[in-house]
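A.B. asks: No sequence on hand, only this structure:
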């Protein structure tokens, strides 16, 4: 393998990157280049001969499908034990790394192996789940060093931490067959597959989680080939501009307005009643646990209603348009100003943009983000004149050219035109 690593700096690799810059930008994957370098260096193939092979390689993508599982009591106990072992190992490794850094000022590299010798009961659960716990801790450190404002990795509490663990597919140890999901150590678990898995999708890993309501879910991560990019053939009438609306959710450049269902607002009174009952229960008692699950079911219903609405809306837009232009807004900052936090969080606009982004990407389409300081509201969509001042109370845009239209619709049209300019640049 060392000769293939040194091939990265060889003349052939430099010539390959210089001759095919567009292929290099699209397919910059370590596994791909090592395979290409094997053909070029070890196989003795010419670079001209490898061009068809390089161009035929698709850009792989990952997608997770979440299904509900129904484990037996014995299987549920083993899953709970795995949750606890992963949490225990995470806290132990974090404590050892902190202690070593205080003593030596160096980062300690830890693995699950020494902890299995010290605590033999860790061997009772899936070993790959413990290995992924190590990877999660390393990822937490990388995120902290890359963005310190995220915060230093914290210890996981028993009752408040998210209950989940991840295991990988190795030699077919995880299989989905006839309404059953085979998991390491756990065995075959009943699963409700509410959607078919397309042919050609390769299973990579599975994440088992438990919700506060007591329901178990399995998130199956698949790898598949990406769709061909269609943004080079975008038609003018197939580009949609979306402007965020505080009194609803969004306004489209077509003039349509998407209202905010306000699921949290509608269920707020019932939720407050259940939370008041919870506050009267003795903490830690059986009635407290029952009432806590009732509150969790209320929150779960609100979350499911919101996600269902946003999934359907983003799906219809992704199917109808080739490209979508939106503003690059900071939703967290907007929720902190003017006491609009509850309304901003309830409409889920940020979640909607995330769903729309990956749905467009799956179809080979594109989501264009316009700079948040672009004067979409102050600019006239007809003549291009930009007003110096525009009060928030002015809901109708008036221009000297005679243009009179809704302020949000005018902004959505400007966002669409700016998105077209970015696509053509």
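C.D. replies: In hand now; what should we look at? Since we're looking at a predicted model, the values are computed, not measured.
A.B. asks: where's residue 412 relative to residue 388, distance?
C.D. replies: 22 Å (C-beta to C-beta, to the nearest Å). Where you see a C-beta, it was placed from the backbone N, CA and C, and this is true even at glycine.
A.B. asks: More neighbours: which of these two?
C.D. replies: residue 412 (30 against 6; other C-beta atoms under 10 Å).
A.B. asks: does that one really touch residue 253, like I thought?
C.D. replies: Yes: between residue 412 and residue 253 there is a contact at 4.2 Å, judged by C-beta atoms under 8 Å.
A.B. asks: In a helix, residue 181, correct?
C.D. replies: No: under DSSP: H, G, I helix; E, B strand; the rest coil, residue 181 sits outside any helix and is assigned strand.
A.B. asks: For it, list each beta-bridge partner.
C.D. replies: residue 176, residue 189 (DSSP bridges).
A.B. asks: which residues sit in contact with it?
C.D. replies: Applying C-beta atoms under 8 Å, 6 or more residues apart in numbering, we find residue 181 in contact with 67, 69, 174, 175, 188, 189, 190, 191, 206, 218.
A.B. asks: circling back to that earlier point, any shared contact partners between residue 412 and residue 253?
C.D. replies: 241, 242, 243.
A.B. asks: helix or strand for the nearest residue to residue 111 once chain neighbours are set aside, which one?
C.D. replies: Leaving out its chain neighbours, the residue that sits closest to residue 111 by C-beta to C-beta, 6 or more residues apart in numbering is residue 134, at 6.3 Å. Using DSSP states H and E, residue 134 falls within helix 127-146.
A.B. asks: Now do the buried residues in that helix.
C.D. replies: By 16 or more other C-beta atoms under 10 Å, the buried positions in helix 127-146 come out as 127, 128, 129, 130, 131, 132, 133, 134, 136, 137, 138, 140.
A.B. asks: same question for it, mean pLDDT?
C.D. replies: The pLDDT scores in helix 127-146 average 93.
A.B. asks: Residues touching that helix, excluding its own?
C.D. replies: Counting by C-beta under 8 Å, 6+ apart, 82, 85-86, 89-90, 93-94, 97, 107, 110-112, 116, 122, 150-153, 165-168, 170, 184 sit against helix 127-146.
A.B. asks: Pull the distance from stretch 239-252 to the chain's centre.
C.D. replies: Here stretch 239-252 is found 22 Å from its chain centre; the criterion is C-alpha atoms, centre = their mean, to the nearest Å.
A.B. asks: start to end distance for that stretch?
C.D. replies: By C-alpha to C-alpha, to the nearest Å, the extent of stretch 239-252 from end to end equals 11 Å.
A.B. asks: about what we covered before: downstream neighbour of the helix holding residue 134 in the secondary structure list?
C.D. replies: Toward the C-terminus from helix 127-146 - assigned by DSSP H and E - lies strand 163-168.
A.B. asks: Appreciated, that's everything.
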